[in-house]
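Asker: dropping a prediction and its sequence here:
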Amino acid sequence: PIRIVVLISGSGSNLQAIIDACQAQQINGHIAAVISNKADAYGLTRASNAGIETKVLSHKEFANRDDYDTALAQLIDSFSPDLVVLAGFMRILTPDLVQKFKGKMLNIHPSLLPKYQGLNTHQRAIDAKDAEHGASVHFVTEELDGGPVIVQARVTILADDTADTLAQRVHEQEHVIYPLVVKWFSEHRLTMEAEHAVLDNQVLPAHGAD
Ligand code: GAR
């Protein structure tokens with residue numbers, strides 16, 4: 001089984017979906033630790049409830065991003081992970097940190113990348129009168145929300161959607177696709193080569209939908 005470290009900042013519902021998939025042995029791995037930059041993240045409670053080791057590394061205790069990410073890289077390394085999963089970890093990572101875990105760090109982003117990188121994705125999709133919205137799981141590279149896409153889930157935007165109702169439906173899809181991608185990785189079926197994700201020897205389109 002692969003060793004997984006999950007990074008969170010908040011509720012941790014995606015973490016929960018991955019915990020559940022590990023417990024159901026759908027993922028051939030186990031979560032060695034959950035790390036949060038926020039002490040009050042509810043995901044820490046979810047991890048403790050599942051008997052998973054938790055660590056808090058607050059960015060407020062560091063003078064700058066480089067120092068924080070150096071400490072974060074050391075903390076992650078101390079668990080010798082095969083895979084690092086960003087699950088609502090709301091921090092921009094330095095190129096050094098990204099480089100260190102290249103090909104073994106995944107992120108989930110609440111949009112159909114390359115659309116709506118950054119924040120407030122649900123409201124932006126509504127404001128643009130898009131017909132569809134969704135979520136993307138991708139490998140992390142130096143380009144913010146720009147790494148090779150692995151899977152996307154699509155959600156139809158309804159006439160009366162608010163950012164909250166839309167976010168809720170996107171979340172349901174996230175909880176399906178993120179454990180699926182971690183499962184593939186745990187079965188050694190998924191790699192990053194050059195700037196593409198490769199699944200079962202098939203090169204996937206790097207930029208997802210548009
Ligand atoms: C998820 O919707 C994830 O896509 C998003 O944060 C949420 C975390 O929810 N990530 C980002 O916006 C990354 N920039 P969760 O804590 O319940 O898993």
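Answerer: Sure, I can see it.

Asker: quick check: the residue in the chain that the ligand sits nearest to vs Asn64, distance?
Answerer: Residue of the chain nearest the ligand, by Cβ to the nearest ligand atom: Gly88 (2.6 Å). Yep, even glycine has a C-beta here, placed from its N, CA and C like the rest. According to Cβ to Cβ, to the nearest Å, Gly88 and Asn64 sit 23 Å apart.

Asker: does the spatially most central residue of the chain have any beta-bridge partners, and if so which?
Answerer: Residue closest to the average C-alpha location in the chain (Cα atoms, centre = their mean): Asn107, at 2.8 Å. Per DSSP bridges, the residues bridged to Asn107 are Leu86, His138.

Asker: and the longest helix seen in the chain, how far out from the chain middle?
Answerer: Using DSSP state H, we find that the single longest helix of the chain is helix 163-186. Offset of helix 163-186 from its chain centre (Cα atoms, centre = their mean, to the nearest Å): 10 Å.

Asker: buried residues, that helix. List them.
Answerer: If you call a residue buried by 16 or more other Cβ atoms under 10 Å, then helix 163-186 has these buried ones: 166-167, 169-171, 173-175, 177-186.

Asker: if we can go back for a sec, give me the neighbour count for the residue of the chain closest to the ligand.
Answerer: Neighbourhood size, Gly88 [other Cβ atoms under 10 Å]: 21.

Asker: kindly report the same for Arg189.
Answerer: Arg189 has 13 neighbours, counted by other Cβ under 10 Å.

Asker: what's the answer for His30, then?
Answerer: Neighbourhood size, His30 [other Cβ under 10 Å]: 14.

Asker: from memory it sits against Gln23, does it?
Answerer: No. Using Cβ atoms under 8 Å, His30 is not in contact with Gln23; the gap is 9.3 Å.

Asker: one step back: quick one: contacts of the longest helix of the chain?
Answerer: Applying Cβ atoms under 8 Å, 6 or more residues apart in numbering, the contact partners of helix 163-186 are 1-2, 4, 13-14, 16-18, 20-21, 26-29, 83, 85, 87, 106, 108, 110, 120, 122-123, 125-126, 133-135, 137, 150-155, 157-158, 190, 199.

Asker: please, which helix or strand holds the spatially closest residue to Ser80 that is not a sequence neighbour?
Answerer: Spatial nearest neighbour of Ser80, excluding adjacent residues (Cβ to Cβ, 6 or more residues apart in numbering): Arg3 at 6.1 Å. Using DSSP states H and E, Arg3 sits in strand 2-8.

Asker: which residues does the residue nearest to the centre of the chain contact?
Answerer: Applying Cβ under 8 Å, 6+ apart, the residues near Asn107 are Leu86, Phe89, Val137, His138, Phe139, Val140, Asp145, Gly147.
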